[in-house]
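Student: pasting the sequence and the predicted coordinates here, then a few questions.
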Amino acid sequence: MIIRRVLVANRGEIAVRVLRTCRRLGIETVLAVAGADADSVPARLADHTIRIVPGGGAAGLAAAYLNVEAVVDAAAAAGADAIHPGYGFLAENPRFARACEAAGIVFIGPGAEVLEAAGDKLAARRHAAAAGVPVLPGGLVTAEAGEVAGRIGYPVLVKAAGGGGGRGLRVVGDPGQLSGAVTMASAEADAAFGDPRVYLERYVSRARHVEVQLLGDGENVIHLGDRECSVQRRYQKVVEEAPAPRLGETLRVSMRAAAVALGLHLKYQGLGTVEFVVDTEREAFYFLEVNARIQVEHPVTEMVTGLDLVAEQIAIAEGRGLRRSQASVSFGGHAIECRINAEDPADGFRPSPGTVAGAAFPAGPGIRVDTHVQAGSAVPPQYDSLLAKLVVSGADRPEALRRLRSALARCRIDGVATNLAMHRALAADEEFAAGGVDTSYLTRWVQREPPSVRAEIHG
Amino acid sequence: MDLTNEDVADVLALLDSLPYDELDLQTTRFRLILRRTPDGWTQSAQVLSAPNPIATTTDDAGQARAGQTGEVSGAGGVEGEAGGATAGLVAVRAPLPGTFYRAPRPGAPPFVEVGSQVSADTVIGIVETMKLMNSVPADAAGTVAEICVANAEFAAQGTTLLLIRADP
Amino acid sequence: MAEVQLVDVSLRDGNQSLWGATGLRTAHILQIAPVMNRVGFRALDFLSSTAMGVAVRTHREDPWQRIRLTRAAMPDTPLQFIGTGFRFISWERAHPDVMRLVYERLVAAGISRFVVLDPTHDMDAVLATARIIRRAGGTEIIAALTYTISAVHGDAFYAGIAARVAASPHIDRAYVKDPAGLLTPERARTLIPAVRARLGGKPLELHAHCTIGLSPLVYLAAPNLGVQVLQVGCGALADGSSLPDAERTVANLRELGHTVTVDDRLLAQVASYFDQLAAAESLPAGQPQPYDAAFTKHQLAGGVMTTLRRQLAELGLEAKFGAVMDEVSRVRAELGYPIMVTPFPQMVMGQALSNIIGGSGGRKGSPPRAGRASSARYEVVPDQVIRYVLGSFGKPTAPVEPWVLDRILDRPRARELAAEPPPLSPAELRQRLPRGISDEELLLRFGMPSGEVDAMLAAGPAPEHYSPQLQPVLRLLRELGSRPPVRRLVVDKPGFRLELGRA
C-alpha cells in the first residue's frame, strides 16, 4: 500500500523530524496536538493539526499523548491511513499497535508481538538467549531474591521487567541491602509500568553502552552500524556517537552479528535497536534490551550511512521489502550528537521549563540541528527536557570533535537553563576526546568539575 | 515554502565567500537569520506559518473558524479521507461551505443529538450555501458521538460536523 | 467506461520538447522524484541517450549516477529509456555488442522499461533489439508505432507492425507515438482499432504531442478505442510541443466517466514544482497550441523549428524561414517520407537548409528554383543524409527518389562513408581508451569526445538538492560575488524580504 496521510502522534523535535521526511516524500501530515502544543513549531510545519480529545476531559497533558483511544480516534477523524508514533509515549505500546490495526490504520513500527517481546525485559532476555546472544547471569525475583543474587554474585542490578528509561533500577552491593532494594524497585515499577515484577542481573561495574541499529522487513534483517551511548546520567543518554570509538573490530563484528541474529529470531519488521553492555575489562558484551522504535540518537547513524531512517520506517510500513542488502550499506566518517536539554547540571540536572526567549544554532558543513524550539517556544514541565540535538560529522573522530567544539561555541539558547556549558566542557575533556569512556564517566566527571557546568541563563 | 537544512546549506555555500556578515531572509512562512562569528556561522530560524487545525470538538471548531477555516481539510480528494470510517469514529463532513443548521427550521427539535441512532440515510443537519439548503446524510450507521459545529455556525467545506461511532 | 493509466514524460520528452533537453539537472529531478513515485504513474519516460549526452556536455553530470539516484528516490515507478537500438549518444551506428553493453548497464543502474523506436519501422531490427534488451534484464519492452501522414503510412501499415509486435515474445506492449501531434480524433477512430485488432491482446499506449492542439481531443477518444495508457506531461512540462497536461487529462477523462487512479494532491504538487522550476530558471512553460493546418506538410516538431529560427537569425537569414519550411516538405518526400522523429528532423532540415542557402557558387540569397533542375539542391549534402541513403539508419520506408539517390551517392564523400570500417566492438574500444575505466565510462567515451567526459569527471558529483523558491536568493548571492560590496542591501517585496549587512 501507499501511505498518503500520516498522523504524527508525538511532539517536540521528533515530530519535526518525522514531518520533514513526510513532506519530502509527498505524504500529507496531520499532527496530533494537546495543550499549548497546538501552536508549537511542529504544529506550524504540519499540513494540518488535530487536537487529541481524551474521553476523561481534564486529563493531564502528557496523558493525552498516551491515550490509546483518543489518539486512534484523532487519526480516524483526520482521515489518516497511518500513524507515526515517534519515540516515547505510545511508540512501543502493543495495545496501541493493536488498536491501530483494529481501526485499519497502519502503525509505523514493529508488530504488537515484537513490541510485547521487547517490552517485557524478561521475555526479551529469553529471546536473546534463544537467538544465541550473550545475556548476563540473572533471573526473575520470586520468593527468595537472595538465592538468585547469590547465584549471580554481588554486585547485582535490580531491574523492572516491564520498564525502561532507568526507572526501577537499583545497584545492590551486598546481601544486606537486597530485600529493601527489591521492595523499592518493585513498588516503583508497579507505579510506573503497572507491573511489579523485578529481576536481577549481574552488575558490570566498568561497562560501556553500545547499541546496534537494525532494519528488518519481517524476513530479512540488516544492521546499520553501532552507536556509542556511554555518556549517561541516571541511565539517560547525553552524548552519542557513531561508530562506537575504540571498540575492537572482533567485538564490533560480533555485536553486529548478534543483533542481526536477534532481529531474525524476532522476525523483526521496522526500525529497532539492540542495546548491549560492553564489559570493558573482559572485552565481552551482553544483551541489555531491544528498543522497538526510532531512537533519539538516530541522526548519528543517518550521518554515517547517508540514509533517512524515517523514510526507511515508512517504506517498511508500506509493506516493501528491505530496499538494500547489508553489503550495499556503506559507512563513512564519524558523527557525534549532543542532547541539549532544558536542565541545570549544576543543580542535579533539574529540568528548567519556561519560555525560550531566543535561540541561535551553528550552521555549516557537517552540522545538523534537530530542534522544535525558536524564540517564543514554550518548554512545558509535563514533557522531557530535550530542546535540540546538535549533530556533527567529520571524516574521522578528531575532525568531528573539532567541529563539535566550534559548533557548541555557537549555540545559544536564552530564557531557560540548559546543559550547553556542560557539553562545551565535555567536548574539551581529554578523557572524552580519547574515546571509549564507560557509563560511570559522566557522573564522575560532573563531580570532578562542578564549576564549569553551571547552567547558562540569559535574558 | 519551508526551509530545510539543505536550503540553509545552499545559501551558506554562497554567502560564506561574500563580504557580508549577516543575512536576514523573511517570507510569509519563515524567517532565517544567518550571522558570521569568529567560530563560523550561526542560524536563527523562525517558522511563521500558522497551524492549520482540523476541527474535532465544538470548541475547536470555533478555533478553526477564527483561524484559517478555508483551508481546513481543503485538500479533499485524498483517498485516506474516506478511509476514516474504519476507526470506529466516522466524521460527517460539510459537503459544501455554508451555514450549518442542526434543525429543519428555527425552534424545531434538532435532527440528531449525541446518542441518537442513525442509519446511512438519516439526515443529521442542513448546510445552507448560497441560499440553497443541502441536507447532510449520516452516510454511516451508528450512534452520534459528538456534535462538532454549533447550530447556525459557518462551516468550511470538509469541516467535521459531527462524529458517529459506527456500528461494528 | 475504462480504467486509464498514465505515463508521465515530463522528465524526458517534456524536457526535450520544451527545453531542448537542457532544462533539467540531476538535482531538479531528485527533489521531486519521491513525490512522483507516489502519484501512481504507470511509468516515467526518463532518459534517452541524447539526454545522457546533454547531462555530460551541458551540466557536467554523470547520467549513470542520475539513474541510480533517481531509482533510489523513486523505487516503485518504473523508469523508461527510449532508444533506436543502433546508436548511443553519437549519431554513428554502434556495434551490436556495444548496444548490448548499453542495455546491461542501464538495467544495472535502475532502468526497467525500454522503448524501441526504429525510425523506419524496420521490425527485424526492432525484434533483434528487443531480444538483446530482454537478455540484459529489461522487464517491460515497448515497440513504437510512429505515426505520420504520408502515402505509405495507412492503417494497414500500422496493423502489419502490430501483428509483428503480437508475435514477438520479447515485446510486451506497443504505443502509438505521434511525435508531431498529427493524429486527429477521426483518424484515431480507424487507426487505433486497426492496431488493436492485430496486437494479440497486448496493451496499447498513446503518446501524442500537442504541437497543433489536436492531442488533448484524441486522448478523450482513445480509452473507448482500446488505449489503456495515456502519456502526459505535468505543469510547465506539458502542452506546447510536449504532451497533454496530466491534470487536465485526468479531469477530462473523469468527466467522461473513465477511472484514473492517481493521487490528485500529489499530481498538483508535481505540476506546481515544474511551474516553479520553470519560473526560477527562466525556462518557457508549455502553452496550449492553436491549430495550424500548414504544419501537416513539414511536420517539424516545435523544438526543431525553434532551433531553425535561431540558426537562421544567427546567419541573418530570418526571411528565409518560409522558404526553408517549404523545402523541408519537398526533401522529405524525395527521401522516401522519413518519419519526423529523431534523428530525421535534424537530417531533413539540414538538407533543406543546404538546398536553400548552400551551394558553392555564392548563391546565398538567390531564390531556389523548384525541382531537379536547381543546381543548388543536393549540392551540399550532410554526412547524416548520405548515411541515411546508404541505409545506416535502416531501410527507408519508401524508396528514395532515384535522381536524388544518384546525386547524393555520386560524390567522393559517399564512397568514403560507404567504405567506412564497421563499428568497433567493446573489446576494440577498450584497447583505444584509457586502461581500467568502468563500462559506464567506456560507453560515455564511445559516444562523446573524451574532453567532455574528462570535464564531467573533473566537476565531481552533481548536487542533489534543489529548491525552486530559494533560487532568487541564490541568484542574488551569486551576482553579489561579482559586485563591489555595499554596507547594507535590502530587497523588499510583498511576502519577501532579504537583508544583507556587514559587521
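Tutor: Here it is on my side, so go on.

Student: and the contacts of stretch A:192-204?
Tutor: Here stretch A:192-204 makes contact (C-beta atoms under 8 Å, 6 or more residues apart in numbering or on different chains) with A:121-122, A:125, A:136-141, A:145, A:148-149, A:152-163, A:167-168, A:171-172, A:182, A:185-187, A:189-190, A:277, A:279, A:286. Using the backbone N, CA and C atoms, a C-beta is placed for each residue, glycine as well.

Student: one more: stretch A:122-135?
Tutor: Residues contacting stretch A:122-135 (C-beta under 8 Å, 6+ apart): A:116-118, A:138, A:140, A:161, A:197, A:199, A:258-259, A:261-262, A:264-266, A:274, A:284-287, A:289-290.

Student: and the residues you listed, which are buried?
Tutor: Buried members of the contacts of stretch A:122-135, scored by 16 or more other C-beta atoms under 10 Å in any protein chain shown, are A:116-118, A:138, A:161, A:197, A:199, A:258-259, A:261-262, A:265-266, A:274, A:285-287, A:289-290.

Student: among the residues you listed, name the ones in helices.
Tutor: Using DSSP state H, the subset of the buried ones among the contacts of stretch A:122-135 located in helices is A:116-118, A:258-259, A:261-262, A:265.

Student: closest to chain B out of these?
Tutor: Nearest to chain B, judged by C-beta to the nearest C-beta, of those is residue A:116 at 22.6 Å.

Student: let me see the contact set for that closest one.
Tutor: So, once contact is read as C-beta under 8 Å, 6+ apart, residue A:116 ends up touching A:94, A:123.

Student: gap between it and residue A:154?
Tutor: 32 Å (C-beta to C-beta, to the nearest Å).

Student: about what we covered before: which of the ones in helices among the buried ones among the contacts of stretch A:122-135 lies closest to chain C?
Tutor: Once C-beta to the nearest C-beta is applied, the member of these that ends up nearest chain C is residue A:259, at 24.7 Å.

Student: pull out the buried positions in the helix ranked longest in chain A.
Tutor: Secondary structure of chain A read by DSSP H shows that its longest helix is helix A:175-193. Across helix A:175-193, burial judged by 16+ other C-beta under 10 Å covers A:177-178, A:181-182, A:185-186, A:188-190, A:193.

Student: helix or strand right after the helix or strand of chain A with the lowest mean pLDDT?
Tutor: Every helix and strand in chain A was compared by mean pLDDT, DSSP states H and E; the lowest is helix A:61-66, with a mean of 79. Using DSSP states H and E, the helix or strand that follows helix A:61-66 in sequence is helix A:68-77.

Student: helices or strands next to that next one in the packing?
Tutor: strand A:5-8, strand A:28-33, strand A:48-51, strand A:82-84, helix A:94-102, strand B:89-93, strand B:160-166 (3 or more C-beta pairs under 8 Å, 6 or more residues apart in numbering or on different chains; DSSP states H and E).

Student: show me where chain B has strands.
Tutor: Counting by DSSP state E, one finds strands in chain B at the ranges B:22-27, B:30-37, B:40-47, B:53-54, B:89-93, B:98-101, B:117-118, B:123-129, B:132-137, B:142-147, B:153-155, B:160-166.

Student: any idea what the closest residue to residue B:24 other than its chain neighbours is bridged to?
Tutor: Spatial nearest neighbour of residue B:24, excluding adjacent residues (C-beta to C-beta, 6 or more residues apart in numbering or on different chains): residue C:499 at 4.3 Å. Beta-bridge pairing of residue C:499 under DSSP bridges involves residue B:24, residue C:490.

Student: and residue C:499, what's its pLDDT?
Tutor: Looking at residue C:499, its pLDDT is 96.

Student: that one: what's it in contact with?
Tutor: Counted by C-beta under 8 Å, 6+ apart, residue C:499 has contacts B:22-25, C:488-491.

Student: for ChimeraX, what selects the buried ones among those residues?
Tutor: Here is the ChimeraX command that selects the buried residues among those (16+ other C-beta under 10 Å):
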select /B:22,23,24,25 /C:489
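
Student: okay, residue 178: pLDDT?
Tutor: Picking chain A for this. Listed pLDDT for residue A:178 reads 88.

Student: my bad, chain C
Tutor: On the pLDDT scale, residue C:178 is placed at 94.

Student: burial of the nearest residue to it once chain neighbours are set aside, as a residue count?
Tutor: Nearest-residue entry for residue C:178: residue C:208, 3.9 Å, with adjacent residues in sequence omitted and distances by C-beta to C-beta, 6+ apart. Using other C-beta atoms under 10 Å in any protein chain shown, residue C:208 has 27 other residues around it.

Student: need the pLDDT of residue C:208.
Tutor: pLDDT, residue C:208: 97.

Student: residues in contact with it?
Tutor: Taking C-beta under 8 Å, 6+ apart as the test, what residue C:208 contacts is C:147, C:176, C:178, C:181, C:183, C:214-215, C:218-219, C:231, C:243-244.
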